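Colleague: sequence below, structure please.
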Amino acid sequence: MKYRVSKFTMLSVFVVIAALLVSVSASAAGISIYNSIPEPLPPNLPSLGYQATSTAEFGDYIAFAGTARNLSAVTVTMSNWALHSTYPTMDAAGFTHPITLNIYNVDLSGPTPAVGSLITTVTQNFLIPWRPEADPTCAGGTAWRASNGSCYNGYAFNIVFDFSGQGITLPNQVIYGIAYNTNTWGYNPIGLNGPYESLNVGLASTAPSTGTDVETDVVFWNTHYAGFYSDGGAGGVDTFRRDAAWTPYTPAVRFDVIAVPTSEAQCKLDGWKLLARTDGSPFKNQGDCVQFVNTSK
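Modeller: Reported below is the predicted structural model:
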């Protein structure tokens, strides 16, 4: 089968692909429609400790770039401050801990945005790598020294929530929350000492590279102590709600989606590299993408 494409059609396709490349970014998990994770990931980030701040859930109100909304994965940057030497009987590779991601609709019926109905929730067990052991040459003798020569008290790493095959279609804006239990805090406290007491959620201090942090000074937070909220607890405690005065910090997360081609034009000019089948599997080349459009295989 021969294809006849005019220079005007090719120009239109180029403009479409260029716009896609500007509005979203490709990643191993799919196409990024929101990304506040610094790249490359530094040895550590500022972070929120759930045990230290009596936290059960922490997240943000965000808006997505592009038009693709078939969720494939959500990446969250964590920071672990726990040392293997403190827990020598545990696996040298790290410890496993369940972490939950909740995604909500945004309730805009009131004077300020609020958490709406739950879109989806997933809990997965993640291997949490130990923070490197202390370097006595670091100030105070408790931090570790990274390859860049700087010293850090925590170790940054990413966890990935897999949504492939679940058929979750996102709206244009969501509120998300990251939840997990520690010794005495969380929705179901564990009641035992453990390395999860030193597990934190990483914070970015620059604007997202993709998508929008809708209220740059605001996060959503569930903490037990009134004094941690910017309003002194006037809006309640132990509830996942809006909290201000967070500039410049926002949770470091990335939302990825599967973009499924619906026309041959979308496959051309390397557009196939940003697309996938409905099951999330990538295309080998432009021809493979075109064949899928025509046969769904």
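Colleague: in which helix or strand does the nearest residue to G191 once chain neighbours are set aside reside?
Modeller: With C-beta to C-beta, 6 or more residues apart in numbering as the measure, N183 is the residue that lies nearest to G191, at 6.8 Å, once sequence neighbours are left out. Using the backbone N, CA and C atoms, a C-beta is placed for each residue, glycine as well. For N183, there is no host helix or strand (DSSP states H and E).
Colleague: how is the chain divided into domains?
Modeller: 1-24+259-297, 30-258 (automatic domain parsing).
Colleague: ranges for the strands of the stretch 101-250 of the chain?
Modeller: Assigned by DSSP state E, counting those that start in this stretch, the stretch 101-250 of the chain shows strands spanning 114-128, 144-145, 151-152, 155-162, 173-179, 199-204, 212-213, 219-223, 241-243, 250-251.
Colleague: nearest to V74, out of the ones you listed?
Modeller: strand 155-162 (4.5 Å; C-beta to C-beta).
Colleague: quick one: contacts for the residue nearest in space to the middle of the chain?
Modeller: Compute the mean C-alpha point of the chain, and by C-alpha atoms, centre = their mean the closest residue is V253, 2.5 Å away. For V253, the contact set (C-beta atoms under 8 Å, 6 or more residues apart in numbering) comprises 34-37, 60, 74-77, 176, 178.
Colleague: repeat for P43
Modeller: Contacts of P43 by C-beta under 8 Å, 6+ apart are 146-148, 150, 152, 155-156.
Colleague: how near is it to T169?
Modeller: Separation of P43 from T169 (C-beta to C-beta, to the nearest Å): 36 Å.
Colleague: over to Y196?
Modeller: 33 Å.
Colleague: out of these two, which sits in the busier spot?
Modeller: Y196 (23 against 11; other C-beta atoms under 10 Å).
Colleague: quick check: that one touching G94?
Modeller: No - here Y196 lies out of contact with G94, judged by C-beta atoms under 8 Å, at a distance of 11.4 Å.
Colleague: need the overlap of contacts for those two.
Modeller: Common neighbours of Y196 and G94 (C-beta under 8 Å, 6+ apart) are I128.
Colleague: from memory G116 sits against G110, does it?
Modeller: No - using C-beta under 8 Å, G116 is not in contact with G110, being 10.7 Å away.
Colleague: and these two? Which one has more around it.
Modeller: Taking other C-beta under 10 Å, G116 and G110 do not tie; G116 has more neighbours (15 against 8).
Colleague: which ones are touching that one?
Modeller: 104-107, 175.
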